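S.K.: Mind looking at a prediction? Sequence and model below.
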Amino acid sequence: MLLLTCPYCGVAAEETELAPGGEAHLARVGPEGTDDAFHAYLFEKENPRGVHFERWRHAMGCGKWFHAARCTVTLEVFGTYPAQTTEPPEHIRAAISAKRPGWTWRDLA
Amino acid sequence: MKRYSAFAIAREALRNHTGWERAWSSPEPRRRYDAIIVGAGGHGLATAYYLGKNHGVRNVAILEKGWLGGGNTGRNTTIIRSNYLQDPSAAIYEKARSLYETLSQELNYNIMFSPRGVMMLAQTEHEVRGYRRTAQANALQGVDTEFIGPKRVKELCPIIRLEGPRYPVLGALWQPRAGTARHDAVAWGYARACSDMGMHVIQNCEVTGVRREGGRVTGVDTTRGPIDCDKLGIVVAGHSGRLAEMAGFRLPIESVALQALVSEPIKPVMDVVVMANTVHGYMSQSDKGEMVIGGGADGYNNYTQRGSFHHVEETVRALIETFPMLSRLKMLRWWGGIVDMTGDRSPIISKTPVEGVFINCGWGTGGFKAIPGSGWAMAELMARGEPGPLAAEFSLDRFREGRFIDESVAAGVAH
C-alpha cells in the first residue's frame, strides 16, 4: 500500500484515500502551440523506470491536489509538496539526489 | 524436429523417455541477422513465426532479457475473446481467435485452447444497452456473439447469483467460441516452431542500445555483444518506452501494474469464463481446478510487477458478490504484470520515425488473446515495410491525427 503524506493537512494517507492524477508539471499548450507540441502535451507522457513526479489528490481527505516524487521501480516515496509550483522544490531534488545520484526527469536533474 | 504424437509417447514409453529432444535450441548469437525481434513473449515469438511461415524471412533472432514467456505472457488470465466494438479491434482479435482454434495442430504443440465461451455480465441498464450495441456491431463484423437474458446466464453458469447485493445480473454478452488457452504453451509452441525454422531464440540477452546510421537502424547492443540487423521489431510490452528511448523516439504509453490471482484447486464448478465489469472481477476455472481471477489495474506508473493490495480486496469482494459459494476459498498465488497503456486503450502496430524499426505495443490489459493476430499483422508489416489491412489502423500516427480506436468505453478496465 502506497503511503503519501498530504503536504496541506499533514495526513499520511493510504493509497485508497488518494486519487492519482498522472504526470506532474505539465506545461499547457495553448492555441499558439505547434501540432508537435500539442501532440506531445496530450500523449507523450513521461514513463520513466525510476524517479517520477506525479499529481495526486487527497480525495477522501482535504480534497486538495499535491505533487509527489516517487520511484516507479521500488515504489519509494522521496517526498510530497504543494501543487503551487511549476517544478519540484530544492529540498525534494536534494532528497532524490541523496538516494538516486545522477537521476534525470525531462530536463531536470 | 521430432513431431509430438500418440505414437511418439508410446515409443518413448518403451525406451525410458530417452529420445525426447529439446523443444528449442539455445544458440550463441550470430554477428548479423536479417531481422531481430526484441522480446520473446507471445507477441514477439508469434511475429517471428509468421515472418518465417508467411513471408519466408528465416534469418531471425528473438532476443529476450529474461526467460522465454516470463513477462505478461506468463502473467495473464488466459482469456481469449473478440467481442470488441470497433471494427479494427474486432478484425485483429477475431483473426487471433480463429488462429488459436487450429494453433495446436499447426504448431504440433498442445496449447490447450478451450472454446468454452465467455460471458460479459450486464449489471446496469447502461451496460445492457452497451452490450446490445456490441452484439449488433459484432454481427456486422462477422464475430459470433449474442445478448442473452438472466435465465440463460444461470443455465450456462449455475453458481452465479443473479440478484447481487449491489447490481443484479440483467443479461450478458455471450461469445460461445471464445475461451481460454494454456498461456505458457503458446510461447513454448511458437518458440519450438521458430527454432525448427532455424531462427535463434536467445534468452538472457538484454538489449542495451539501438545502433542507427543516417536515420536507419543498423543493429543493437546487447549484454552479449553487438548484433547487426536490417530490421528491428520491438515487442516488449511494459518496457516499450525504454526501447523507444534507445531508438530515439517517444511513445504515447504509460506503464502500470495489472494483477491477477488464483485460488486453491477445487472440483469443477464452472465451465465458462465470466467477466463482471461493473463490480469489476473476472474469473474462469483452470484445468487444474484453480479459480483464475483477474484484478484491476493501478492508476499510477509502476514497474514493480506487483499490484496494490486494495485492488485484491476489491476484486475478491466483487467475486463473492457474484459467486457467494466462493467465500471460503483460499487464494494460492498472486502476481502482477507491467502493462503498456495507450491513450485510447488500443494497441500500436506501426512503423516508427527510425527506418527499419517497427513497434508492436500498447496491448495494455488485453494482450494474450491477440497473440496470433498481432504476430500475423506485425510480421506482415516487418516483411513488407508497410502495414497490411490488420495493422493499418493501429499506426502511431493515429494519436496525432485524432483517429482513435476508442475501446476504453466499450471494454472498461477488463479488456
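M.R.: Everything's here; your move.

S.K.: Against which helices or strands is the lowest-mean-pLDDT helix or strand in chain A packed?
M.R.: Least confident helix or strand, chain A: helix A:35-42 with a mean of 92, by mean pLDDT, DSSP states H and E. Contacting helix A:35-42 under the criterion 3 or more Cβ pairs under 8 Å, 6 or more residues apart in numbering or on different chains; DSSP states H and E are the following elements: helix B:398-401. C-beta here means a position set from N, CA and C on the backbone, and glycine is covered the same way.

S.K.: gap between the helix it packs on and the chain center?
M.R.: How far helix B:398-401 lies from its chain's middle: 24 Å, per Cα atoms, centre = their mean, to the nearest Å.

S.K.: Name the next helix or strand downstream of the least confident helix or strand of chain A, please.
M.R.: Where DSSP states H and E defines the elements, the next helix or strand beyond helix A:35-42 is strand A:51-57.

S.K.: pLDDT averaged over that next one, what's the number?
M.R.: On average, the pLDDT along strand A:51-57 is 97.

S.K.: is any part of that strand close to chain B?
M.R.: Yes: applying Cβ under 8 Å from any Cβ of the partner chain, one finds strand A:51-57 touching chain B at A:52, A:54.

S.K.: Could you give the separation of that strand from the chain centroid?
M.R.: The chain centre lies 2 Å from the centre of strand A:51-57; the measure is Cα atoms, centre = their mean.

S.K.: Partner strands of it and their direction?
M.R.: Within its sheet, and counting by DSSP bridges, strand A:51-57 is paired with strand A:19-23 (antiparallel), strand A:65-71 (antiparallel).

S.K.: Can I get the shortest one in CSV, CA atoms only?
M.R.: So that's strand A:19-23. Presented in CSV, the C-alpha positions along strand A:19-23 are these (Å, rounded to 0.1, in the frame of the first residue of the first chain):
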residue,chain,number,x,y,z
ALA,A,19,-6.7,9.7,-6.4
PRO,A,20,-3.8,9.5,-8.8
GLY,A,21,-3.7,12.4,-11.3
GLY,A,22,-0.9,11.5,-13.7
GLU,A,23,2.3,13.3,-14.7
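
S.K.: what does that strand rub up against?
M.R.: Here strand A:19-23 makes contact (Cβ atoms under 8 Å, 6 or more residues apart in numbering or on different chains) with A:45-46, A:52-57, A:59, A:65, B:254, B:298-300.

S.K.: Show me which of those residues is closest to residue B:380.
M.R.: Closest approach to residue B:380 among the contacts of strand A:19-23 (Cβ to Cβ): residue B:254, at 27.6 Å.

S.K.: so how far is residue B:359 from that closest one?
M.R.: Counting by Cβ to Cβ, to the nearest Å, the gap from residue B:254 to residue B:359 is 15 Å.

S.K.: Show me what counts as buried in the longest helix along chain A.
M.R.: What stands out as the longest helix in chain A, according to DSSP state H, is helix A:90-99. Using 16 or more other Cβ atoms under 10 Å in any protein chain shown as the test for burial, helix A:90-99 gives A:92-93, A:95-96.

S.K.: Over to stretch B:323-331?
M.R.: Applying 16+ other Cβ under 10 Å to stretch B:323-331 flags B:323, B:326, B:329 as buried.

S.K.: now do stretch B:208-222
M.R.: Quick answer for stretch B:208-222 (16+ other Cβ under 10 Å): B:210-212, B:217-220, B:222.

S.K.: Kindly reformat the residues you listed as JSON lines containing distance to chain A and pLDDT.
M.R.: As requested, the buried residues of stretch B:208-222 are exported to JSON lines (distance: Cβ to the nearest Cβ, whole Å; pLDDT from 0 to 100):
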{"residue": "B:210", "distance to chain A": "17", "pLDDT": "97"}
{"residue": "B:211", "distance to chain A": "21", "pLDDT": "97"}
{"residue": "B:212", "distance to chain A": "20", "pLDDT": "97"}
{"residue": "B:217", "distance to chain A": "21", "pLDDT": "97"}
{"residue": "B:218", "distance to chain A": "25", "pLDDT": "97"}
{"residue": "B:219", "distance to chain A": "23", "pLDDT": "97"}
{"residue": "B:220", "distance to chain A": "18", "pLDDT": "98"}
{"residue": "B:222", "distance to chain A": "18", "pLDDT": "97"}
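
S.K.: Take those and write them to a markdown table, including secondary structure.
M.R.: Shown next, in a markdown table, are these (DSSP: H, G, I helix; E, B strand; the rest coil):
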| residue | secondary structure |
| --- | --- |
| B:210 | strand |
| B:211 | strand |
| B:212 | strand |
| B:217 | strand |
| B:218 | strand |
| B:219 | strand |
| B:220 | strand |
| B:222 | strand |
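
S.K.: biggest separation within those, which pair?
M.R.: Longest span within the buried residues of stretch B:208-222, Cβ to Cβ: B:212 and B:222, 15.5 Å.

S.K.: Close to chain A: what parts of chain B are there?
M.R.: Residues of chain B found near chain A (Cβ under 8 Å from any Cβ) are B:239, B:241-242, B:250-255, B:298-304, B:308-310, B:343, B:399-400.

S.K.: Buried ones from those, can you make that a ChimeraX selection?
M.R.: Here is the ChimeraX command that picks out the buried ones among the residues of chain B next to chain A, judged by 16+ other Cβ under 10 Å:
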select /B:239,241,242,250,251,252,253,254,255,298,299,300,301,302,303,308,343,399,400
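
S.K.: For the stretch 1-150 of chain B, just list every one of the helices.
M.R.: Here the stretch 1-150 of chain B has its helices, by DSSP state H, counting those that start in this stretch, at B:6-14, B:42-55, B:87-101, B:103-107, B:125-141, B:150-156.

S.K.: Tell me which of those helices sits most buried.
M.R.: Comparing the helices of the stretch 1-150 of chain B by mean neighbour count (mean count of other Cβ atoms under 10 Å in any protein chain shown), helix B:42-55 ranks first with a mean of 27.

S.K.: list the contacts for residue 12?
M.R.: No chain in the question, so chain A it is. Neighbours of residue A:12 in contact, by Cβ under 8 Å, 6+ apart: A:3-5.

S.K.: Hmm, no, I was thinking of chain B.
M.R.: Counting by Cβ under 8 Å, 6+ apart, residue B:12 touches B:18-20.

S.K.: Among the contacts of strand A:19-23, the buried ones, what's the PyMOL command?
M.R.: Filtering the contacts of strand A:19-23 down to the buried ones (16+ other Cβ under 10 Å) takes a single PyMOL command:
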select buried, (chain A and resi 45+46+52+53+54+55+56+57+59+65) or (chain B and resi 254+298+299+300)
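
S.K.: Format the contacts of strand A:19-23 as a markdown table; extra columns: distance to residue B:351.
M.R.: Output for those, formatted as a markdown table (distance: Cβ to Cβ, whole Å):
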| residue | distance to residue B:351 |
| --- | --- |
| A:45 | 21 |
| A:46 | 24 |
| A:52 | 29 |
| A:53 | 32 |
| A:54 | 32 |
| A:55 | 33 |
| A:56 | 37 |
| A:57 | 38 |
| A:59 | 41 |
| A:65 | 39 |
| B:254 | 22 |
| B:298 | 31 |
| B:299 | 31 |
| B:300 | 31 |
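
S.K.: how's chain B carved up into domains?
M.R.: B:21-82+B:85-108+B:183-252+B:344-401, B:118-178+B:255-342 (automatic domain parsing).

S.K.: Please identify the most buried of these.
M.R.: Most buried of the domains of chain B, by mean neighbour count (mean count of other Cβ under 10 Å): domain B:21-82+B:85-108+B:183-252+B:344-401, with a mean of 21.
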